[in-house]
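K.L.:
Show me the folded form of this:
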Amino acid sequence: MSQGQAIAGELAARIRSGEVPAGTRLPTHRELARERRIAVGTATRVYAELAAMGLTVGEPGRGTYVRDLAGFDGPEPSRALPVPRVADLSFNQPLDPAQAGELRRALRRLAGAGDPERLLRQEPPGGRRADRAAVATYLLGRGIDTAPANVLLTGGTQQGLDTVLRALTRPGDLLAVDALTYPGIRLLAAAHGLRLLPVPGTAAGPDLDALDALCRTRPVRAIYAMPTVHNPLGWVLTARQRERVVAAARAGDCLIVEDGTYAFLEPAPPPPLQALAPERTCYVAGLSKNVAAGLRFGFAVLPAAHVAAAVRQLRTAAWGAPALVTALATGWLADGTVARLEQSRRADAAARQAVARAALRGLDVVAHPTSYVAWLALEPHQRPDHAAAVLAREGILVSTGDTFAAGAYRPHALRLALATPPLDELGPALTRLRAALEAIPP
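P.N.:
Below you'll find the model as predicted:
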């Protein structure tokens, strides 16, 4: 064990025991080096290890602080609360009360079908041709015209992303991502040994000049993009912006991994990246947000040249979606249930955003008008980890902004997921959230 690792371990033990309490400002790198008689570079590595453990957070211009871990924070936090739960604003699980009845009817229909035993058999990796064709037909409504052979069925969007990265990248490859991005892609990158290249953001989307420069000057293997209803910022890239993303990928001969998880919430988006560059784009989405998170049904559209590699990866993992889930999902795709639910979700999301705008009026909030997320910038004295802990004591779960940060930059913000609380409870919960934040002393 190196000297830096020993010091990091000692400090970590003191933080976890409570000896160094949450909110403590730690010495600067130079001060720590002087106190411990180590090089400044070693001190920097000590703080990097503490940050990697999730115990500290660095705030530009303010220093390094011990994080308050009592709130909802980090990729895999505790969801327990010290008081009765008021609202879960940390995770989107949109559900319509009528869906329970739809599930009962669908299960009765499947039970009465001619060959229910088929639902107990193993599906081939990537799904059966008829089921892949049902998804391909559905995707025509998203502007994607692809052969069923290029569609693979997965156990949710996350497995789709995992399969694509397993098949098409190698440890050490560079993955360009938005500076604020979906936390799941960070977890996958870490699991597969990929190096993230954060692309700075603007009010209207990623800095495309920066993306173009990265693709031309660095050996970028793939670009991960959410062009339609970005999570967490909600932006929808224009047709011209999408053309520039594709041009950057072609200039650097990069793949594109397009995440369409929330794309259904935008009623009239420009064509997806897959339609502009089908030869290099893998489009991944599912039915978690538009139907039900517990369904765990996803799909990936790949260029024909990469399908076999992705099928091999599915075979080594979970093979894809189970037969019963696939039958439910494709049945709902075919009978129009998914389309009806997506229309209902757009109206519901618009209503929730209206509630949020009213409750948070005057605060710095970024959101798409029909999305299920809102990005709330905090005041300088409101540390995100501390704010999350304060809200946890009010029974409110939130996600801190650094959960979405792909690089060293740590945003001073909270991400609010608006879909889970009942609509009539959302306004009071956001009012309570606002009051709790405003009560944090400067």
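K.L.:
from here on, contacts and neighbour counts on C-alpha atoms
P.N.:
OK.
K.L.:
contact partners of the worst-scoring helix or strand of the chain on mean pLDDT?
P.N.:
Using mean pLDDT, DSSP states H and E, strand 56-59 stands out as the lowest-scoring helix or strand of the chain, at a mean of 76. The contact list for strand 56-59, computed with C-alpha atoms under 8 Å, 6 or more residues apart in numbering, reads Y47, L50, A51, T64, Y65, V66, R67, R410.
K.L.:
Give me the most central residue, the protein.
P.N.:
Y182 (2.8 Å; C-alpha atoms, centre = their mean).
K.L.:
Name the residues linked to the residue nearest to P219 when sequence neighbours are not counted by a beta bridge.
P.N.:
Closest residue in space to P219, ignoring its immediate chain neighbours: L174 at 6.8 Å, by C-alpha to C-alpha, 6 or more residues apart in numbering. Beta bridges link L174 to R195, V220 when assigned by DSSP bridges.
K.L.:
Relative to G205, how far out is L174?
P.N.:
21 Å (C-alpha to C-alpha, to the nearest Å).
K.L.:
next one: D115
P.N.:
49 Å.
K.L.:
Looking at the two, which one has more neighbours?
P.N.:
Just comparing D115 and G205: by other C-alpha atoms under 10 Å the higher neighbour count belongs to G205, 20 against 9.
K.L.:
dump the residue contacts of that one.
P.N.:
W235, V236, L237.
K.L.:
7 Å instead?
P.N.:
Shown in contact with G205 (C-alpha atoms under 7 Å, 6 or more residues apart in numbering): W235, L237.
K.L.:
now swap in L430 and tell me
P.N.:
A356, A359.
K.L.:
I'd assumed it was in a helix, is it?
P.N.:
Yes - assessed with DSSP: H, G, I helix; E, B strand; the rest coil, L430 lies in a helix.
K.L.:
Looking at it now. What's its pLDDT?
P.N.:
Listed pLDDT for L430 reads 98.
K.L.:
quick one: buried residues of the helix or strand where L333 lies?
P.N.:
Per DSSP states H and E: L333 is located in helix 323-334. Residues of helix 323-334 classed as buried by neighbour count (16 or more other C-alpha atoms under 10 Å): A323, L324, V325, T326, A327, L328, A329, T330, G331, W332, L333.
K.L.:
Not counting residues beside it along the chain, what's closest to the second one?
P.N.:
What sits nearest to L324 in space, not counting adjacent residues and going by C-alpha to C-alpha, 6+ apart, is L119, at 5.3 Å.
K.L.:
what secondary structure does the one you found sit in?
P.N.:
Put simply, L119 is helix when judged by three-state DSSP.
K.L.:
Quick check: which ranges of this structure have low pLDDT?
P.N.:
1, 59-61, 68-83, 85 (pLDDT under 70).
K.L.:
Kindly confirm my reading that A285 is in a helix.
P.N.:
No - with three-state DSSP as the criterion, A285 is located in strand rather than a helix.
K.L.:
and it, what are its bridge partners?
P.N.:
F299.
K.L.:
That one: how many residues sit nearby?
P.N.:
When neighbours are counted by other C-alpha under 10 Å, A285 comes out with 25.
K.L.:
doesn't V301 make contact with it?
P.N.:
No - applying C-alpha atoms under 7 Å, one finds A285 not in contact with V301, separated by 9.0 Å.
K.L.:
which residues touch P200?
P.N.:
P200 neighbours (C-alpha under 7 Å, 6+ apart): D178, A179, P206, D207.
K.L.:
Can you list phi and psi of the second one for me?
P.N.:
So that's A179. For A179, the backbone dihedrals (degrees, to the nearest 10) come out as phi -60, psi -30.
K.L.:
And the first one, by the same measure?
P.N.:
For D178, the backbone dihedrals are phi -60, psi 150 (criterion: degrees, to the nearest 10).
K.L.:
and it, what is it in contact with?
P.N.:
P198, V199, P200, G201, P206.
K.L.:
how about a cut-off of 8 Å?
P.N.:
Contacts for D178 (C-alpha under 8 Å, 6+ apart) come out as P198, V199, P200, G201, P206, Y224, A225, A406.
K.L.:
Please apply the same query to the third one.
P.N.:
By C-alpha under 8 Å, 6+ apart, the contact list for P206 reads D178, V199, P200.
K.L.:
For it, list each beta-bridge partner.
P.N.:
Counting by DSSP bridges, P206 is bridged to G201.
K.L.:
can you map out the helices along the stretch 301-442 of the chain?
P.N.:
Under the criterion DSSP state H, counting those that start in this stretch, helices of the stretch 301-442 of the chain are mapped to 304-316, 323-334, 337-359, 384-392, 423-438.
K.L.:
returning to that earlier point: out of the contacts of D178, which one sits closest to Q313?
P.N.:
Nearest to Q313, judged by C-alpha to C-alpha, of the contacts of D178 is Y224 at 19.3 Å.
K.L.:
ok, for that closest one, nearest residue in space, not its chain neighbours?
P.N.:
V257 (4.7 Å).
K.L.:
Name the helix or strand for that neighbour, please.
P.N.:
Taking DSSP H and E as the definition, V257 sits inside strand 255-259.
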